[in-house]
Every structure is written in structure tokens, then in C-alpha cells.
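# Have a look; sequence and predicted model below, questions after that.
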Amino acid sequence: MPKVIAITSGKGGTGKSSISACLGYALAKQGNRTLIIELDFGLRCMDVMLGMNGNIPHDLGDVLENRCDVYKATTTVKMASNLSVLCAPSDPFVSLETKDIEKITSEMRKYFEYIIIDTSAGINNAVFDIVTNSDLILIVTTPDPICVRDGKMMSDEFYKRGNQRQRLLINKANKNIFEFDDLNDLDEIIDTIGVQLLGVIPEDSAIPLATGKGVPLSSSSQGFIAFHAISRRIRGEHVPLSSKILG
């Protein structure tokens, strides 16, 4: 069945939007019709990350203010013909309600196999309400203690609301963590946040370079290998959580 995947984090700076862009591209390159919906109002960056800067005629703000429908506001990405984006409005004061996103995702499920929602960062009711009906919630953290603490606060609130569909992504992990298959540091992060791990993304300079230029990750980069493995797990394939996938 089509899946709505919300990517969220307890604080800014975790790389949430980069993950949304790279994961969307990975799913699309594996043959899945994929849509990225960007909700970071006023901090729009998805058009740049996907190589579409200056080529987005309409955005989510146009839909919410009834200037066009969601189909017209959805743009096909040049780097992958089955990847599309619905960019956030540049105006941070456009009104967004939970029912708006529910309506959009319900309609777009008919046409896309995966819908990635790049939420705004932070712990607030708007984020919790919007992602509640997602099929999968990916909480992004880094090894930074503050990010880990905020990730725990976010996961605790989701559990309090009865949402068990959470998985954890650890971003910007230093490659030294993976030496000799020693995952003790990762285990501590997982235990603290209390969410099952879906994948680890290394601290790879190729990721900000690719998203900054709006080009695909090199297939030889550690980042590409990590996103490829994560996207396969989302599709239901068995890909071991091992440092070997980053070898």
C-alpha cells in the first residue's frame, strides 16, 4: 500500500531536509513514484536540494490560498522522472491546518507509492498533529546529546498519543563509530530515545555538497549506500543493520 512517511526531529540542524531529499531520490531510483511535501514554512530549501531552484512555478502556499490545485503545484524533479516535490511557501505566515495535509495526502496516495513529509523542526502541537496519521514516523537525531534528549522528548510524546509507528534515523555519525563493528555508542542513543533503529547515515561531506548543488549523491559515497539501504528497509526488504553496508 502507499505509505506516508513523516520525517521529523526535536530540533533544527539534524539534517532532516537533506534526509527527506536523499531518501526521496533513493526511493524514486528504485522504481517508486515518490512525492516530497515540504512543510518548513519560511525556510524553503527543497527546490535547491532537488536541483529545481527557480523552476517551481507554484507551491503549497498557492494550494492553501486557493490559487491553484495540488496537481498544478506539484513539480516533477529533473534528476528523477518519478520523483516530484510540493514545495513549502516562502511566506512563513501562510495558515496550515492538519486537515489540509490530510486532504492533500489522501488525494496524492492515488498517484504516488511513497509520500515523504518534511516537517518543520521542533516539538510543538502542529508537528504532532500533522504527522499523527502518517504510516511511518522517522525521528532524526545526531549523536549530539542535546539532539538525543530532544529526540527522546519527541518520541515520548508520540507514544503518549498512542503512536507506535516510529523508527529512528541517526544522522551525521562519525565513521569511527563503525570500526570493528563496535556499536556501543549507537546502542546508547537508541536506548535513550526508545525507538527502533531504521538506519545510520554517516557524516559524509558528499551529502551537503550534493544537496547544496542540487545533484544526486555519487553512487560510491557512503551517504548513497546508507540511503539506498534505508529505502530498501522501508520497502520491506531485509537489509542487515551493520557497518558493512558502509564499507
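Arrived safely, thanks for sending.
# use CA for all of it now, contacts and neighbours both
Noted.
# buried set for stretch 74-83?
T74, T75, T76, V77, M79, A80, N82, L83 (16 or more other CA atoms under 10 Å).
# By average pLDDT, which secondary structure element in this structure comes out worst?
In the chain, no helix or strand scores lower on mean pLDDT, DSSP states H and E than helix 125-131, which sits at a mean of 76.
# Can you identify each of the strands in the protein by residue range?
3-9, 34-38, 75-76, 83-86, 114-118, 136-141, 166-173, 197-202 (DSSP state E).
# Sheet partners, orientation included, of the fifth one?
The strands that strand 114-118 pairs with in its sheet are strand 3-9 (parallel), strand 34-38 (parallel) (by DSSP bridges).
# average model confidence for the last one?
When pLDDT is averaged along strand 34-38, the result is 97.
# Could you export that strand as CSV, CA atoms only?
Output in CSV follows, covering the C-alpha atoms of strand 34-38 (Å, rounded to 0.1, in the frame of the first residue of the first chain):
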residue,chain,number,x,y,z
THR,A,34,7.6,9.3,-4.8
LEU,A,35,6.4,12.8,-3.7
ILE,A,36,8.1,15.0,-1.2
ILE,A,37,5.9,17.6,0.6
GLU,A,38,7.9,20.3,2.3
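# Which residues does it contact?
20-21, 24, 27-28, 44, 46, 82-88, 112-119 (CA atoms under 8 Å, 6 or more residues apart in numbering).
# mind showing which ranges of the chain have poor pLDDT?
1-2, 122-124, 126, 175-185, 242-247 (pLDDT under 70).
# How about the longest helix anywhere in it, which residues are buried there?
Taking DSSP state H as the criterion, the chain has its longest helix at helix 145-160. For helix 145-160, a neighbour-count test (16+ other CA under 10 Å) marks C147, V148, R149, D150, G151, K152, M154, S155, D156, F158 as buried.
# what angle separates that helix from strand 3-9?
Here helix 145-160 runs at 140 degrees with respect to strand 3-9, directions being taken by axes from the mean of the first three to the mean of the last three CA atoms, to 10 degrees.
# Centre of the chain to helix 145-160, how far?
Offset of helix 145-160 from its chain centre (CA atoms, centre = their mean, to the nearest Å): 17 Å.
# by how many degrees do it and strand 166-173 diverge?
170 degrees.
# Let the chain start at 898 from now.
Sure thing, new numbering starts at 898, so read that last one as helix 1042-1057.
# now for helix 1042-1057, which elements pack on it?
strand 900-906, strand 1033-1038, helix 1081-1090 (3 or more CA pairs under 8 Å, 6 or more residues apart in numbering; DSSP states H and E).
# list the buried ones in stretch 1064-1072?
Buried-residue list, stretch 1064-1072, by 16+ other CA under 10 Å: R1064, L1065, L1066, I1067, N1068, K1069, A1070.
# Show me which of those is closest to G1109.
For the buried residues of stretch 1064-1072, the minimum distance to G1109 (CA to CA) is 16.3 Å, reached by K1069.
# Run through the residues that contact the closest one.
T911, T1039, P1040, I1098, P1099, E1100, D1101.
# And for G939?
G939 touches A985, P986, S987, D988, P989, F990, counting by CA under 8 Å, 6+ apart.
# how about 10 Å then?
Residues in contact with G939 (CA atoms under 10 Å, 6 or more residues apart in numbering) are A985, P986, S987, D988, P989, F990, V991, S1017.
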